[in-house]
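J.: Starting from these lines, generate the structure:
(one chain, ligands or ions: 1)
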Amino acid sequence: MSQPHTHKDTIYAAPSDVVEGFRFDDKVVAVFPDMISRSVPGYSTIINMISQLTERYAQHGTHCYDLGCSLGAATLAMRQGLGQGASQKNCTLVGIDNSNSMITHCQKIIDADSSQGSAKVLLIEDDIENTPLHAASIVVLNFTLQFLALEKRTALLTRIADALVPGGVLILSEKLAFDEPRHHELMIDLHHNFKRSQGYSDLEIAQKRQSLENVLIPETFPAHQARLKEAGFSGVELWFQCFNFASMIAFK
Ligand code: GEK
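T.: Numbers count the residues shown, from 1 in each chain. Modelled structure (predicted):
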């Protein structure tokens, strides 16, 4: 899957007296593809697999949603999975993000794309807590739910389950926490080693970690599984995991 041109992420390279809470602003948008691919182990594998999962689960004439679409990497993967020309499934792809900067740049990337299928793409700047969802066969939350306040997660997942048609699925990718403290520490250390191997310094890793404190709230797989069942999903499985980054599939 081709990624848009990106600048190198050096946002946390210089020491800062006050590390502010992480925000999806212009500064982050300018380096986002570099940032996410050097920070999330397995990101490109998950994006490629979203294309295959869309091919498998998208149903003719339904909506396919990418919630928290950022610059549209998963949206374009879904578009590819929906196919070209006469063979496409006549679905409407909807990408939603509440960052104005993300949606503005995402629109440019989608407009310039000609290679990833021909499905219609609708981009909406909105909060996924409120945005209406209808007749969906596949919904993607690729590393987005983790940014929602804990008490708002069940309501969103219930609306997603209600909007899915029979046979529909939710693909939910998240940073995970673990109940076993030694395992939790191990996964964090292996993730930080991954970031070092991608060229991030110890200072960058520490300052980014601080900026995400109370902004990105990870939960355990059993907690996700229990909430998804409560929200109305009949089955929830892990299909990908690399250290503390995972992707689940939830069946309506
Ligand atoms: C990818 N899925 O490349 N409503 C709408 N958007 C939101 C909300 C909200 N309440 N909260 C956060 N976002 C993408 C990567 S990034 C993950 C997703 C990361 C948006 C936020 O603006 C950002 O664009 C995205 O969710 C999370 O496959 O950066 O780790």
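J.: ok, Cys63 - contacts?
T.: One thing to correct before we go on: residue 63 is His, not Cys. Neighbouring residues of His63 by CB atoms under 8 Å, 6 or more residues apart in numbering: 91-94, 133-137, 163. For every residue, glycine as well, the C-beta is placed using N, CA and C.
J.: for Gly232, same thing?
T.: Contacts of Gly232 (CB under 8 Å, 6+ apart): 157-158, 161-162, 252.
J.: ok, and the most crowded of these?
T.: Greatest neighbour count in the contacts of Gly232, by other CB atoms under 10 Å, goes to Leu157: 25 neighbours.
J.: Help me confirm that that residue is found in a strand?
T.: No: counting by DSSP: H, G, I helix; E, B strand; the rest coil, Leu157 is located in no strand; its state is helix.
J.: how about the nearest residue to it once chain neighbours are set aside, phi and psi?
T.: Distances taken as CB to CB, 6 or more residues apart in numbering put Ala231 closest to Leu157, at 3.7 Å, once the chain neighbours are dropped. Ala231 adopts backbone torsions of phi -80, psi -10, taken as degrees, to the nearest 10.
J.: what's the spacing between Ala231 and the ligand?
T.: 17 Å (CB to the nearest ligand atom, to the nearest Å).
J.: who touches the residue lying closest to Leu164 once chain neighbours are set aside in this structure?
T.: Using CB to CB, 6+ apart and skipping residues adjacent in sequence, the residue nearest Leu164 is Lys252, 4.3 Å away. For Lys252, the contact set (CB under 8 Å, 6+ apart) comprises 161, 164-169, 232-234.
J.: If we use 10 Å, what do you get?
T.: 136-137, 139, 160-170, 232-235 (CB atoms under 10 Å, 6 or more residues apart in numbering).
J.: Relative to Ala161, how far out is it?
T.: Separation of Lys252 from Ala161 (CB to CB, to the nearest Å): 6 Å.
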